[in-house]
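Peer 1: Compute the structure for the input listed below.
(one chain, ligands or ions: 3)
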Amino acid sequence: MTAAASRVLVLNSGSSSVKYQLLDMRTLQRLATGLVERIGEEGARLVHTPLNGGAERERTGEFADHAAALRAVAEELSADGLGLDSPELAAIGHRVVHGGLSFTEPTVIDEEVLTEIERLVPLAPLHNPANLLGIRTARELRPDLPQVAVFDTAFHTTMPEYAARYALDAKTADAHRIRRYGFHGTSHAFVSRAAAALLGKDPGETNLIVLHLGNGASASAVRGGSCVDTSMGLTPLEGLVMGTRSGDIDPAVIFHLMRNAGMDAGEVDDLLNKRSGLIGLCGANDMREIQRRIEEGDAAARLAFEIYVHRLKKYLGAYYAVLGRVDAVVFTAGVGENAAPVREAALSGLEGLGLEVDAELNAVRSKEPRLISPAGARVAVAVVPTDEELEIAHQTYALVSAE
Ligand SMILES: Nc1ncnc2c1ncn2[C@@H]1O[C@H](COP(=O)(O)OP(=O)(O)O)[C@@H](O)[C@H]1O
Ligand SMILES: CC(=O)OP(=O)(O)O
Ligand SMILES: [Mg+2]
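Peer 2: Numbering: from 1, shown residues only. Ligands and ions are numbered 1, 2, ... in the order given. Model prediction:
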């Protein structure tokens, strides 16, 4: 890294999208942000926001895969004089969803690291291939630049064995690396620290239940800054009801479908990951649309909302018991940050646990961390916007600066 280099480009490659941010780590200024969505589908589009006074730009319909998307991102950055060839770029940070047990820290990517991420593809089939394609393309564009992987699983490696293990035959589980890994860890870590700061407490002495509710959704129990349990498991399918994923079901549903509905493993996988959750229940996976439909009297949307909230409430109760003492329940990500009715419904009737939401505070729309519990409440309830890209940038820059 040259002395002048203080910029980090962060790539968060999802199954069909790439979110990106270019940051200057000395000034913490965001120089550009953007999103490519519906990659490989019809209606793909790139929205690029230069933050140095330029207007938002949009491109549509030309991204066959993540490699094509990333090349277009590089072109947009170049058009703003922020191209990947800039000597000010110190590193590229990548979100990698599954790091298994091999990766507990941010890691500079080399061939060996790539091989290990590839080996983990069966455990995160929607995510790791996209992450790998993003890394490979970025390495082609700037072979000389350090590329850092920041793993979704890393924050959860502190889970005790009794939370991380399934009650499966131990030999079979070990032979196939079957255990609970947990995901969205970068977000759970970032939000836990920000929530402790909001409470004015030392993170090491703060117990939190963090609810990351985006398209994918997960809950974590965090004791003194360390994860002690989380709702996602071997893959990002377990736990809460999500946009398109079922979350928890009786595993016998799978054998039942294979034996009685003529479905093979691939079809059941597709059903549970892509055609279940909110979209399977009511045909919409966007919480805004579900709220609109509920107001219009749509019974399927109402039931989908109730199932979503009921699952959330069960995890809240479970993690309350796991932690024993809870300082705050923290909502984050697209739904958690924006959907006041979800927050209200998830906590309704929990006054006995010291959990209450103030209706006026809950209705406030803001991008800032904030409390939504009434003054003097026994347990705080907070909304804390997540910023996975900023957290990845910090971890990436810290690693390359130390080298
Ligand atoms: N104003 C809003 N009200 C309710 N839900 C919202 C709002 N804005 C975003 N969302 C929800 O957030 C979800 C996306 O969350 P996000 O954290 O961006 O997900 P991901 O990173 O997994 O793609 C959308 O599917 C939508 O349901
Ligand atoms: C791990 C996971 O579910 O990620 P996302 O929410 O981005 O799909
Ligand atoms: Mg997300």
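Peer 1: For the rest of this, base every contact and every neighbour count on C-alpha atoms.
Peer 2: Will do.
Peer 1: Count the residues that sit near the residue of the stretch 251-400 of the chain at minimum distance from ligand 2.
Peer 2: Closest approach between the stretch 251-400 of the chain and ligand 2, counting by CA to the nearest ligand atom: Ala333, at 9.0 Å. Neighbourhood size, Ala333 [other CA atoms under 10 Å]: 23.
Peer 1: Centre-most residue in this structure?
Peer 2: What sits nearest the mean C-alpha location of the chain, by CA atoms, centre = their mean, is His184, with 3.9 Å.
Peer 1: pretty sure it contacts Thr153?
Peer 2: Yes: between His184 and Thr153 there is a contact at 7.1 Å, judged by CA atoms under 8 Å.
Peer 1: which regions of the stretch 151-300 of the chain sit below the pLDDT cut-off?
Peer 2: Within the stretch 151-300 of the chain, no range satisfies pLDDT under 70.
Peer 1: Quick check: residues of it near ligand 1?
Peer 2: When proximity is defined by CA under 6 Å from any ligand atom, the stretch 151-300 of the chain lies next to ligand 1 at Gly214, Asn215, Gly216, Asn285, Asp286, Met287, Arg288.
Peer 1: and the two most separated of those residues?
Peer 2: Gly216 and Arg288 (15.5 Å; CA to CA).
Peer 1: These two - which one has more neighbours?
Peer 2: Neighbour count, other CA under 10 Å: between Gly216 and Arg288, Gly216 has more, with 21 against 13.
Peer 1: residues in contact with that one?
Peer 2: Taking CA atoms under 8 Å, 6 or more residues apart in numbering, we find Gly216 in contact with Pro236, Met242, Gly243, Arg245.
Peer 1: how about the nearest residue to the residue nearest to the centre of the chain, chain neighbours excluded?
Peer 2: Asp152 (5.0 Å; CA to CA, 6 or more residues apart in numbering).
Peer 1: Cross-check the contact I'm expecting between that neighbour and Ala189.
Peer 2: No: if you go by CA under 8 Å, Asp152 and Ala189 don't touch, sitting 9.9 Å apart.
Peer 1: Domain-wise, how is this structure divided?
Peer 2: 7-151, 200-388 (automatic domain parsing).
Peer 1: Including distance to Val400, could those go into TSV?
Peer 2: Below are the domains of the chain laid out as TSV (distance: least, CA to CA, whole Å):
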stretch	distance to Val400
domain 7-151	7
domain 200-388	18
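Peer 1: tell me the pLDDT at Ala3?
Peer 2: pLDDT for Ala3: 60.
Peer 1: wait, I meant Ser15
Peer 2: 77.
Peer 1: That one: how many residues sit nearby?
Peer 2: Count around Ser15 with other CA under 10 Å applied: 17.
Peer 1: can you name the two of the contacts of Gly216 that are farthest apart?
Peer 2: Farthest pair in the contacts of Gly216, by CA to CA: Pro236 and Gly243, 12.2 Å.
Peer 1: So in the chain, which helix runs the longest?
Peer 2: Counting by DSSP state H, the longest helix found in the chain is helix 299-323.
Peer 1: if you skip the residues just before and after it, what's nearest to Val96?
Peer 2: Nearest to Val96 is Phe151, by CA to CA, 6+ apart, at 4.8 Å.
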